[in-house]
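In: For reference, the sequence and a predicted model appear below.
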Amino acid sequence: SHDTVLVSLEQGVLRLTLNRPDKLNSFNEAMHLALRAGLDRAEQDSAVRAVLLTGAGRGFCAGQDLGDRDPRKSGGSAPDLGATIEQFYNPLVRQIRRLEKPVICAVNGVAAGAGANLALVCDIVLAARSARFIQAFSKIGLIPDSGGTWSLPRLLGEARAKALALTAAPLNAETAADWGLIWRAVDDEALQEEALKLAQQLAQGPTRGLGLTKRAIQAASTNSLDQQLELERDLQREAGRSHDYAEGVAAFLDKRPAVFKGN
Ligand code: T3D
């Protein structure tokens, strides 16, 4: 069987390419398991210092493969979508958020349903100018999942979150960037190169410090200022013990570029 996720490691960047282009890289179980395995590797392999998630072909990801949800083939009984969310989508979102390494998402084309929300839980999102973000769920009677009801109001506020989710109106990359939903819209032909450049830059960074930065910023949404200040104290203590911190300061004082090793 073909690889539903292409995996390559180059100069510290683990590139994960969703690879069911005929179905706009929509999720079946095999692709879920392959993506999870790729992210497991990112967690465990110290040679991985950044992740780049993208899609093969003209789409990024069209969410759940609806071919696997044909009600006429299920013998009259409704599927338990809660079970598949619990088993597949939720662990994926948690894995990306938990990973203490930067995850860059290059949205190369349409991102719909869970595909859109998967992109939105990554740390830095670049999108091709022709890409569209579509909260497609309402068209089929579902609610935004994969963290959509959490990410959208946080990133956009309730007014835009509700309008996008209730109408399934497509949002283009330029507007998504203007609204603060993503980091940047990039010319289509430049997307992969730009995203790789960014991922490589981060992969050469002080991985421990970057990971702790990600943890701290993510914790802010549930912390008071006092709790967050205490967290910063604790994480800065940890960052200050890293070799990369010592190297960063030494390089500054020597007026030379720092060479970070990721520990
Ligand atoms: O079920 C659970 O476990 C719960 C979890 C749910 C999570 C979810 O993501 S629910 C939302 C599921 N996704 C959608 O509803 C999006 C469905 N797709 C579309 O609306 C459109 O395809 C797009 C707007 C994304 C793109 O439109 P367009 O016109 O650029 O392309 P197209 O022609 O519609 O699609 C191209 C092909 O991909 C086509 O196949 P064909 O005709 O060439 O053989 C199309 O059927 C296929 N495709 C696209 N999306 C899906 C899909 N096949 C299966 N599942 C899809 N989601």
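Out: Perfect, thanks for sending it.
In: can you give me the end-to-end distance of stretch 235-255?
Out: 27 Å (CA to CA, to the nearest Å).
In: How about stretch 76-85?
Out: Stretch 76-85 stretches 21 Å from its first residue to its last (CA to CA).
In: let's number from 194 now, not from 1
Out: Sure, I'll start counting at 194 from here, so that last one is stretch 269-278.
In: and this structure, which residues reach the ligand?
Out: 216-217, 219, 255-260, 262, 274, 277-278, 303, 305-307, 327, 329-330, 333, 335, 338 (CB under 6 Å from any ligand atom). Every C-beta, even on glycine, is put in place using the N, C-alpha and C of the backbone.
In: again, only using 8 Å
Out: The chain has residues 215-217, 219-220, 251-252, 255-262, 272, 274, 277-278, 281-282, 303, 305-308, 310, 325, 327, 329-330, 332-333, 335, 338-339, 363 near the ligand, with proximity defined as CB under 8 Å from any ligand atom.
In: Low-confidence ranges, the protein, go.
Out: 194 (pLDDT under 70).
In: The residue in the stretch 294-443 of the chain positioned nearest to the ligand - nearest residue in space that isn't next to it in sequence?
Out: For the stretch 294-443 of the chain and the ligand, the shortest gap (CB to the nearest ligand atom) falls at Gly306, measuring 2.7 Å. Distances taken as CB to CB, 6 or more residues apart in numbering put Gly256 closest to Gly306, at 2.4 Å, once the chain neighbours are dropped.
In: how many other residues sit next to that neighbour?
Out: Gly256: 27 surrounding residues under other CB atoms under 10 Å.
In: Can you report phi and psi for it?
Out: phi 80, psi -150 (degrees, to the nearest 10).
In: Show me the helices in this protein, by range?
Out: For the chain, the helices defined by DSSP state H occupy 222-237, 274-277, 283-291, 307-313, 341-349, 351-360, 366-371, 384-396, 400-412, 418-432, 436-447.
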